[in-house]
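Asker: just coords:
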């Protein structure tokens with residue numbers, strides 16, 4: 001049982017068994033890492049994704065507290081301005097080639113509607129030249145305060161991401 005020849009034979013048999021099991025497994029993994037080919041978009045289509053997170057403006061403007069109001073408050077609560085937490089709903093529209101394809105009004109997150117608004121939409125369209133108009137309103141009333149109108153050439157199998165960043169001026173294609 002403690003014969004060195006027997007131990008070498010068992011080790012060789014173990015290595016051969018591992019080799020016989022691992023090589024086919026590696027071949028299967030290698031095949032499925034490259035085949036079958038998968039694409040999220042058909043070769044003759046393009047994908048448009050509208051994806052962003054934005055903090056809208058406050059629903060109501062801040063107001064100055066009077067001296068009497070401040071005197072009634074505890075010393076650590078004496079902020080000169082009273083600002084309500086609730087934020088406005090966000091309205092976003094996307095127009096492709098003159099046709100309105102997306103119109104969503106999204107409420108801010110949070111129990112008090114004081115969080116960010118998250119928007120995610122995706123749509124497939126034929127590859128080619130398209131006029132894209134994106135509009136956004138992040139205040140309670142009035143017209144859209146951000147808009148971008150651009151004509152783009154969308155290649156087949158490609159993805160166009162429409163992002164929004166107020167600090168950089170609005171929509172980015």
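Answerer: Ah, there it is. Here the structure is a predicted model, which is why all the values come from computation and not from measurement.

Asker: only C-alpha atoms for contact and neighbour calcs from this point on.
Answerer: OK.

Asker: Would you map the strands across this structure?
Answerer: 45-54, 63-64, 81-82, 90-96, 99-106, 117-126, 128-137, 146-154, 159-165, 170-172 (DSSP state E).

Asker: For residue 112, give me its contacts.
Answerer: 85, 86 (Cα atoms under 8 Å, 6 or more residues apart in numbering).

Asker: So it versus residue 90, what's the distance?
Answerer: Look at residue 112 and residue 90: by Cα to Cα, to the nearest Å, they are 15 Å apart.

Asker: re the thing from before, now distance to residue 30 and mean neighbour count too, for the strands of the chain, in JSON lines please.
Answerer: Output for the strands of the chain, formatted as JSON lines (distance: least, Cα to Cα, whole Å; neighbours: other Cα atoms under 10 Å):
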{"stretch": "strand 45-54", "distance to residue 30": "29", "mean neighbour count": "18"}
{"stretch": "strand 63-64", "distance to residue 30": "65", "mean neighbour count": "12"}
{"stretch": "strand 81-82", "distance to residue 30": "63", "mean neighbour count": "12"}
{"stretch": "strand 90-96", "distance to residue 30": "41", "mean neighbour count": "19"}
{"stretch": "strand 99-106", "distance to residue 30": "42", "mean neighbour count": "13"}
{"stretch": "strand 117-126", "distance to residue 30": "31", "mean neighbour count": "15"}
{"stretch": "strand 128-137", "distance to residue 30": "35", "mean neighbour count": "18"}
{"stretch": "strand 146-154", "distance to residue 30": "33", "mean neighbour count": "14"}
{"stretch": "strand 159-165", "distance to residue 30": "27", "mean neighbour count": "16"}
{"stretch": "strand 170-172", "distance to residue 30": "39", "mean neighbour count": "16"}
